[in-house]
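**Q** Build me a model:
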Amino acid sequence: MKALLLLVAGIGGLLEAVAPRRAVALWTRALYRNAGEAEPRNWVYTAAKVEGALVAAGALVGLYRLATASDAEPADDDADEVEITA
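**A** Have a look, this model is predicted:
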């Protein structure tokens, strides 16, 4: 499940980095009632591109760590169990 969320975030970040104007237009229409009147400044597109690149990079790092995680690490779920004998 975690890998799927990281994959979706990575794809979304990649799309935002590649097409920041489209992403800004989509979010503007979704968040404002009168989206036609809203005109973002030029720096908004640069910020969207940087944000998309950071999200995609973070997702790639998360997927890499998930893929290279060792299965030999002990699970914390069993550490709290206490055996009671009568």
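**Q** From the rest of the structure, what touches the helix or strand of the chain with the lowest mean pLDDT?
**A** When each helix and strand of the chain is scored by mean pLDDT, DSSP states H and E, helix 20-31 comes last, with a mean of 91. With C-beta atoms under 8 Å, 6 or more residues apart in numbering as the contact definition, helix 20-31 has outside contacts at 15, 16, 35, 38, 40, 44, 45, 46, 48, 49, 52. (C-beta placed from N, C-alpha, C; glycine too.)
**Q** from those residues, which would you call buried?
**A** By neighbour count, with 16 or more other C-beta atoms under 10 Å, these hold 15, 16, 48, 49, 52 as buried.
**Q** Okay, and which of these map to helices?
**A** Mapping the buried ones among the contacts of helix 20-31 onto helices (DSSP state H) picks out 15, 16, 48, 49, 52.
**Q** Was I right to think the last one contacts residue 13?
**A** Yes: contact criterion C-beta atoms under 8 Å: residue 52 and residue 13 qualify, at 4.6 Å.
**Q** ends of stretch 13-28, how far apart?
**A** One end of stretch 13-28 to the other measures 17 Å (C-alpha to C-alpha, to the nearest Å).
**Q** now do stretch 33-50
**A** 26 Å.
**Q** Stretch 30-46 too?
**A** Criterion C-alpha to C-alpha; first-to-last residue distance in stretch 30-46 is 20 Å.
**Q** which stretches of this structure form helices?
**A** Counting by DSSP H, the helices of the chain are 2-18, 20-31, 42-68.
**Q** what packs against the last one?
**A** Same thing as helix 42-68. With contacts defined as 3 or more C-beta pairs under 8 Å, 6 or more residues apart in numbering; DSSP states H and E, helix 42-68 has these neighbours: helix 2-18, helix 20-31.
**Q** Run the chain-centre distance for it.
**A** Distance, stretch centre to chain centre, for helix 42-68: 7 Å (C-alpha atoms, centre = their mean, to the nearest Å).
**Q** Next: the second one.
**A** Relative to the mean C-alpha coordinate of its chain, helix 20-31 is positioned 17 Å out (C-alpha atoms, centre = their mean).
**Q** likewise the first one?
**A** For helix 2-18, the separation from the chain centroid amounts to 6 Å (computed by C-alpha atoms, centre = their mean).
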